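Asker: got a structure for you, letters missing:
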C-alpha cells in the first residue's frame, strides 16, 4: 500500500492475495471517496489498447454504449489525452462493434490514466465511504448499547474522522452475558468502518439498584443517564478524549426531550455529540442495514436501560431546580446526624414551594404531608441526607463525600416537591403523600 500523486495504491503481494476482499475493505475506509479496480500496463499505446480489450471485455460485451476518458499526469507521454481516448476508443469499438460510441450519455466509461510509473485501465469507480480519515477529528467516547441507534451514531461520528473509545454499561444479573456478547459483536461489526476499538465494560448494577431503591420511579432514567455521563467523562479523561457520543434522537423516547437531554448532559464538562439528533427512525434503520448492524441490534436481549425503565418517566424535568439541589448537596457533604446545612437547604426549597414542614427537633431532617382531599393510601417518599466519611475520596470536603448517591436522592426529592405543586398535579389522585 502506498500513496502517489494524490492516489492510494493497493497491490497484491502474490497470487494468493484476495484482491476482491481488499477492494470491499477499502470501500469502508473513511476519507476515501471512490475506489477502482485497475490494471497497470506499460506506457505504450498498443499495450494500453490490449489491456483495455482484455480487462474490460465482459463490461464491453454487456454495455450498449461507451466512451473513453483519459488523463495524462505524465506530460512526457507522446500522445495528448484526446488522442489517447480516440485511439483506445476506436480500437474498442472495432473489437466490440455492438457497443456504440456515445460521448454524451454512455452506459460504460472506460478510464485511461497515464501516471509516472505506469498506465492504468479501469472502469467506473465505486463509491467509497467518504468523510475524513480516522483520527483527524480527535478522540471521543461513545456510549454503546445493544440497540439500533448507538452503533449508527458511532459510525456517523467516526465518518467525521473521530477515533472512538467505546463504553458499555452492564447490569448483571438483570442483563445476561449474551447481552454483553451481543454488544461486543456489534463493536466488531463497526471495526471495518471505525478502525480498532476498545470496549470498556462498566458494572452498573449497584448504581441502578440504589437509584431504584431511593429515587422516584419517574426520575429513574434521568438520574441513571446522569451517572452514565459522569462515568463516561472519567473514561474520557483517562483516554484523553474531548467529547462524548450518544445515539439520542430528539423526541424518540421520553428521556430524549430537550429538557431531559439538557439535564443529562449538564453533569459533564465535555461536549455531547448526538449525530442522530434530527433523524427519523427509518433513516437510522437504513443506515443500520448499510453498515451491517441491524440484524444483531434487533436480537431480543435486554440492556441496562430497558430493564430499569420507568412506566411513566419524567419528560420535562426542570434542570435548574434539580441541578441546584444536587450541586449544593454534593459540595456540602455532612455525615450522619450532622446534616444541618443540608437540612436547611432542603427546607428552603420546600418552603419556597409553599409546603408547611414538620421539623425533627434536635436531629436533622423534616417531613411534610400532601393531602389530595380524597380517601386512599399514604405514599411515603424518603431521601437520605447523609454523606460518607471518605477522607481519600477525590472530591472529599472536610473528610467526607457523597460517594453513596444521597445527593441525587435529595435532588430528585426537590424535583418531586416542585412537580407536585404544579397546577393539576394532584388531579385524579387519592390518599396522601
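Answerer: Nice, thanks for sending it over. Every value quoted in this text rests on a predicted model; they were computed, and no experiment measured them. Residues are numbered from 1 along each chain as shown.
Asker: going forward, measure contacts between C-alpha atoms and count neighbours the same way
Answerer: Noted.
Asker: number of nearby residues for the residue lying closest to residue 184 once chain neighbours are set aside?
Answerer: Excluding its sequence neighbours, the residue lying closest to residue 184 (C-alpha to C-alpha, 6 or more residues apart in numbering) is residue 199, at 7.4 Å. Residues lying near residue 199 (other C-alpha atoms under 10 Å) number 18.
Asker: run through who's touching the helix or strand residue 295 falls within.
Answerer: Secondary structure from DSSP states H and E places residue 295 in helix 294-297. For helix 294-297, the surrounding residues in contact (C-alpha atoms under 8 Å, 6 or more residues apart in numbering) are 146-148, 182, 186, 285, 288-289.
Asker: now these as JSON lines including pLDDT, secondary structure and neighbour count?
Answerer: Output for the contacts of helix 294-297, formatted as JSON lines (pLDDT from 0 to 100; DSSP: H, G, I helix; E, B strand; the rest coil; neighbours: other C-alpha atoms under 10 Å):
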{"residue": "146", "pLDDT": "88", "secondary structure": "coil", "neighbour count": "28"}
{"residue": "147", "pLDDT": "90", "secondary structure": "coil", "neighbour count": "22"}
{"residue": "148", "pLDDT": "93", "secondary structure": "coil", "neighbour count": "23"}
{"residue": "182", "pLDDT": "94", "secondary structure": "helix", "neighbour count": "19"}
{"residue": "186", "pLDDT": "96", "secondary structure": "helix", "neighbour count": "23"}
{"residue": "285", "pLDDT": "95", "secondary structure": "helix", "neighbour count": "15"}
{"residue": "288", "pLDDT": "96", "secondary structure": "helix", "neighbour count": "22"}
{"residue": "289", "pLDDT": "96", "secondary structure": "helix", "neighbour count": "13"}
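Asker: show me the two of those residues that sit farthest apart.
Answerer: Using C-alpha to C-alpha, the two most remote members of the contacts of helix 294-297 are 182 and 285, lying 17.8 Å apart.
Asker: would you mark the buried spots in the helix holding residue 295?
Answerer: 294, 296-297 (16 or more other C-alpha atoms under 10 Å).
Asker: average pLDDT for that helix?
Answerer: Helix 294-297 carries an average pLDDT of 94.
Asker: how far away from the center of its chain is that helix?
Answerer: The chain centre lies 16 Å from the centre of helix 294-297; the measure is C-alpha atoms, centre = their mean, to the nearest Å.
Asker: and for stretch 384-393?
Answerer: Remark: stretch 384-393 is offset 34 Å from the chain centroid, using C-alpha atoms, centre = their mean.
Asker: touching that stretch from outside, list them.
Answerer: For stretch 384-393, contacts defined as C-alpha under 8 Å, 6+ apart pick out 333-339, 342-343, 365, 396-404, 406-407, 409-410.
Asker: and those residues, which of them are in strands?
Answerer: Members of the contacts of stretch 384-393 lying in strands (criterion: DSSP state E): 400-401.
Asker: on that earlier part again, wait, which of the contacts of helix 294-297 is closest to residue 423?
Answerer: Proximity of these to residue 423 (C-alpha to C-alpha) peaks at residue 147, which lies at 37.3 Å.
Asker: contacting residues around the closest residue in space to residue 143 that isn't next to it in sequence?
Answerer: Leaving out its chain neighbours, the residue that sits closest to residue 143 by C-alpha to C-alpha, 6+ apart is residue 167, at 5.0 Å. Applying C-alpha under 8 Å, 6+ apart to residue 167 gives the contacts 141-144, 199-202, 232.
Asker: distance to residue 125 added to these, as TSV?
Answerer: Below are the contacts of residue 167 laid out as TSV (distance: C-alpha to C-alpha, whole Å):
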residue	distance to residue 125
141	34
142	33
143	35
144	34
199	35
200	38
201	41
202	43
232	41
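Asker: reformat these as TSV; add pLDDT and distance to residue 116.
Answerer: Output for those, formatted as TSV (pLDDT from 0 to 100; distance: C-alpha to C-alpha, whole Å):
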residue	pLDDT	distance to residue 116
141	98	43
142	98	43
143	97	47
144	96	46
199	97	44
200	96	47
201	95	50
202	95	53
232	96	50
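Asker: what about those, which are in strands?
Answerer: 141-143, 199-202.
Asker: buried subset of these as a ChimeraX selection?
Answerer: The ChimeraX command for the buried members of the ones in strands among the contacts of residue 167 (criterion: 16+ other C-alpha under 10 Å) is given here:
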select :141,142,143,199,200,201
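Asker: ok, residue 134 touching residue 162?
Answerer: Yes - using C-alpha atoms under 8 Å, residue 134 is in contact with residue 162, at 5.5 Å.
Asker: name the element residue 116 belongs to?
Answerer: Residue 116 belongs to no helix or strand, assigned by DSSP H and E.
Asker: what's the distance between it and residue 4?
Answerer: Going from residue 116 to residue 4 by C-alpha to C-alpha, to the nearest Å gives 9 Å.
Asker: likewise for residue 330?
Answerer: Going from residue 330 to residue 4 by C-alpha to C-alpha gives 58 Å.
Asker: the more surrounded of those two?
Answerer: Higher neighbour count among residue 330 and residue 4: residue 330, with 24 against 10, using other C-alpha under 10 Å.
Asker: contacts only, for that one.
Answerer: Counted by C-alpha under 8 Å, 6+ apart, residue 330 has contacts 401-402, 407.
Asker: same deal with residue 419?
Answerer: With contact taken as C-alpha under 8 Å, 6+ apart, residue 419 is in contact with residue 425.
Asker: helix, strand or coil for it?
Answerer: For residue 419, the assignment made with DSSP: H, G, I helix; E, B strand; the rest coil gives helix.
Asker: pLDDT score assigned to it?
Answerer: 84.
Asker: surely the residue nearest to residue 184 meets residue 168?
Answerer: Yes - in this structure, residue 199 is within contact of residue 168 by C-alpha under 8 Å, at 6.9 Å.
Asker: okay, now the unreliable bits of the stretch 301-433 of the chain?
Answerer: For the stretch 301-433 of the chain, the stretches with pLDDT under 70 are 302-319, 321-326.
Asker: 80 - rerun?
Answerer: 301-330, 394-396, 423-424, 428 (pLDDT under 80).
Asker: now do the spatially closest residue to residue 11 that is not a sequence neighbour, the pLDDT please.
Answerer: In this structure, residue 11 finds its nearest non-sequential neighbour in residue 1, 6.4 Å apart by C-alpha to C-alpha, 6+ apart. At residue 1, the pLDDT value in this model is 89.
Asker: who touches residue 2 in this structure?
Answerer: If you count contacts by C-alpha under 8 Å, 6+ apart, then residue 2 has 8-10 around it.
Asker: same question for residue 378.
Answerer: With contact set as C-alpha under 8 Å, 6+ apart, residue 378 has these partners: 431-433.
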